[in-house]
Structure formats: structure tokens, C-alpha cells
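Chemist: Sequence and computational prediction follow.
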Amino acid sequence: MVFYFRLSILLLALTSAAELAAQDIELKGTQDPARQVHWAMGAYFGSGWYQVDSNRSMYILRIPTRQTLSASSIDGQGEREFGIEILYPLTFGLHTLDELPDFIDFDNFATVSFTPGIQVEIPVTQKWSLRPYAHFGWGTETNTSDTAWIYYGGIKSRYRLGDGSNNWSLLNGLYYAGYQPEFKSRGKFASFMTGMEYSLPLSGIDLGGDDLWLNTHITYNYFFDKLNFHVDEDRVESISDQWELGLALGKGNKKIKIWFISFEHIGLSYKWSSNRHYRAIAVNVRSPFTF
């Protein structure tokens, strides 16, 4: 009798411990979700509309003011001139969660950030150029006191194929971006880009007396750190890559100038992830190499 009583007590204790462990795991799962993309990362992306899983949208307006201090060049004797540009990007973002009426107590919110930086173009050979760059700045939510330091940088490469009559170029890049909120832990992500771009002169078509060109590119970005988006109360969408197809009209080697801002070309690019849960339509005003 004593044996059965002790056995009952032991089974009750084990059952209670299992229930407490399960509750603890469930509580930790809700308190420590996968880190999601912070609003500060909007400064890293270009102007456009970005959407994840039909219920999270972000509208970005990036004013890409820049100042060219010197243009890159290399002569037949190998004498090089580095190209130097100072950038003053001002970014406005509108983040919407309209399709989540029962998920967390979020409202639509707006952000603004300023992330000045520098880009240096290094002509390695007549065909191959490198472009390291770095940005550092600050951003805030307009309707709260949330702020964050923002930084991003990397190195881009462009190799022109053919003998000059061929307008194909091979693109590659390594990128790193991060942020440090005022009262929260910092976040970061890194990516690798590869792709191609092509420029086609449109015979017989001109713009303001200058020949018109069709510029196109296709790139693939692999994210070493997944971009996580909380799209439902108990569901997170993780984006591990991005494809991009861009089309634009330009004037060859001449810039298009609107007011005090100059563009290489004007067009659109479409971005999407391999799992189809992420898509974007962005304004395309520069080559991925000089963006």
C-alpha cells in the first residue's frame, strides 16, 4: 500500500514538472521571437514599395543627394585617378500594418533618417573597377521617441565584358548593414550580390538632343542573416534572398539632371524572394554598382 502511494506521488510530480516545462517553453517562444527587420533598415533600401506576405508594407522615399569630388580614370600607362563621391541620403518611410487588426498593438508609423557616407571608385584596370563605400547616420520614428544609429557599407565590383562594342558588365558585391536602437539590442545583416547589367543604344531615338539608351540589370542577393517579418501572431516569414530585375532609360555616359539631383537613368526595378513571400517595386535611378 505504501509502495503504491509513493508511486502515485512520483507520477504526479513528474506530470506537474512536464506541464511546467511545456508552459515555460511556450512562454519563452512568445517572449523571444525571431528578431524581425527593424525600421532603421529602411535607410539601406531605395525608394519604392516593399511588401511581405500581403499584410506588411513599407513605402520608402530616398532623396539621393550626392557630391562628386573627382571622377575615376585610368590611362594607357596605368596612371589612376580615384573617383570620390560624398553622399547625403535623406530617407522617409511609411510602415503599414493595416491587415493585422488583432495582432499586437501597432499603428501605422513613419520614420525619417539621415545617413551621410562616402564612395570611392578604384579603377583596377581599364575594364575592372572596385567601389568601397561606408555610411553612418541616425533615424527616428516621427510619432514616438524611438531612435537608432544606422550604419552600412561594403564593396562593389564591376567588370566590363568584351572589347567595347559589347555593353555587358559583370557585377558583384559584399554588403553589411546594422543599427543600434537607443534602448534595445542592436541588429545587423550581411549579404552577397552577383549579377549582370547591359546597355543598349536606341537608334533614332533621342532625349534633348542626346541619344537614348535602354539600361537593364538582373541581380541576385543572398542574405547571410535572414530578414524576419512577423506577419501573424504566431508566424514569422524569413527572407533569405532577393532577385532584382531593372529597366531604365538614360543618356549613355551623360547624367539626367532634375533640379539639384542628377541620375544615371530613370526607370523601375522589380524585386522578389525565391519563396515568393517578399516583393517590391523600386525606383531605378542608378546602376547597382554606383547606387
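Modeler: Here it is on my side, so go on.

Chemist: What distance do you get for residue 285 to residue 188?
Modeler: Applying Cβ to Cβ, to the nearest Å, the value for residue 285 to residue 188 is 27 Å. To be clear about C-beta, it is placed using only N, CA and C from the backbone, and glycine gets the same treatment.

Chemist: Repeat that for residue 278.
Modeler: 19 Å.

Chemist: Of residue 285 and residue 188, which one has the most company?
Modeler: residue 285 (24 against 15; other Cβ atoms under 10 Å).

Chemist: Not counting sequence-adjacent ones, nearest residue to the more buried one?
Modeler: residue 263 (4.1 Å; Cβ to Cβ, 6 or more residues apart in numbering).

Chemist: so what's the one you found up against?
Modeler: Residue 263 is in contact with 250, 255-257, 285-286, counting by Cβ atoms under 8 Å, 6 or more residues apart in numbering.

Chemist: Give me the phi and psi for it.
Modeler: phi -130, psi 150 (degrees, to the nearest 10).

Chemist: so what's it bridging to?
Modeler: According to DSSP bridges, the residues that bridge with residue 263 are residue 256.

Chemist: Make 776 the starting number, not 1.
Modeler: Noted, 776 is the first residue going forward, which turns the last one into residue 1038.

Chemist: Let me see the confidence value for it.
Modeler: For residue 1038, the model assigns a pLDDT of 91.

Chemist: Also residue 861?
Modeler: Confidence score, pLDDT, at residue 861: 98.

Chemist: For the residue nearest to it when sequence neighbours are not counted, which three-state class applies?
Modeler: Among residues not flanking residue 861 along the chain, residue 842 sits closest, at 4.6 Å (Cβ to Cβ, 6+ apart). Reduced to three states with DSSP: H, G, I helix; E, B strand; the rest coil, the structure at residue 842 is strand.

Chemist: what comes up buried for stretch 963-981?
Modeler: 964, 966, 968, 970, 972, 974 (16 or more other Cβ atoms under 10 Å).

Chemist: who's in contact with it?
Modeler: In contact with stretch 963-981 (Cβ under 8 Å, 6+ apart) are residues 816, 931, 933, 942-954, 986-1002, 1019, 1025, 1027, 1062-1064.

Chemist: one more time with 6 Å, if that's ok
Modeler: Stretch 963-981 is contacted by residues 942-944, 946-953, 986-1000 when judged by Cβ atoms under 6 Å, 6 or more residues apart in numbering.

Chemist: Restricted to buried residues, select those residues in ChimeraX.
Modeler: Applying 16+ other Cβ under 10 Å to the contacts of stretch 963-981 leaves a buried subset, and the ChimeraX line that selects it is:
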select :942,944,946,947,948,950,951,952,953,987,988,989,990,991,992,994,996,998
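
Chemist: Residue 974 belongs to a strand?
Modeler: Yes - membership of residue 974 in a strand is supported by three-state DSSP.

Chemist: For it, list each beta-bridge partner.
Modeler: Where residue 974 sits in a bridge, its partners, by DSSP bridges, are residue 990.

Chemist: How about the residue positioned nearest the centre of the chain: what's its closest non-neighbour residue?
Modeler: Here the mean C-alpha position of the chain is nearest to the C-alpha of residue 820 (Cα atoms, centre = their mean), at a distance of 4.1 Å. In space, and not counting its chain neighbours, residue 820 is closest to residue 835: 5.6 Å by Cβ to Cβ, 6+ apart.

Chemist: Can you say which of the contacts of residue 1038 are buried?
Modeler: Using 16+ other Cβ under 10 Å, the buried members of these are 1025, 1031, 1060-1061.

Chemist: I would like the residues contacting stretch 885-898, please.
Modeler: With Cβ under 6 Å, 6+ apart, stretch 885-898 has contacts from 814, 818, 847, 849, 855, 857-869, 904-910, 912, 914, 916-917, 925.

Chemist: and residue 888, what are its bridge partners?
Modeler: Here residue 888, judged by DSSP bridges, has bridge partners residue 866, residue 914.

Chemist: let me redo that: residue 997
Modeler: In beta-bridge terms (that is, DSSP bridges), residue 997 pairs with residue 967, residue 1016.

Chemist: Verify the stated contact: it with residue 1016.
Modeler: Yes - the criterion here is Cβ atoms under 6 Å, and residue 997 meets it with residue 1016 at 5.2 Å.

Chemist: partner residues bridging the residue nearest to residue 1029 when sequence neighbours are not counted?
Modeler: Leaving aside its sequence neighbours, residue 1029 sits nearest to residue 985 (Cβ to Cβ, 6+ apart; 5.7 Å). For residue 985, the beta-bridge partners are residue 982 (DSSP bridges).
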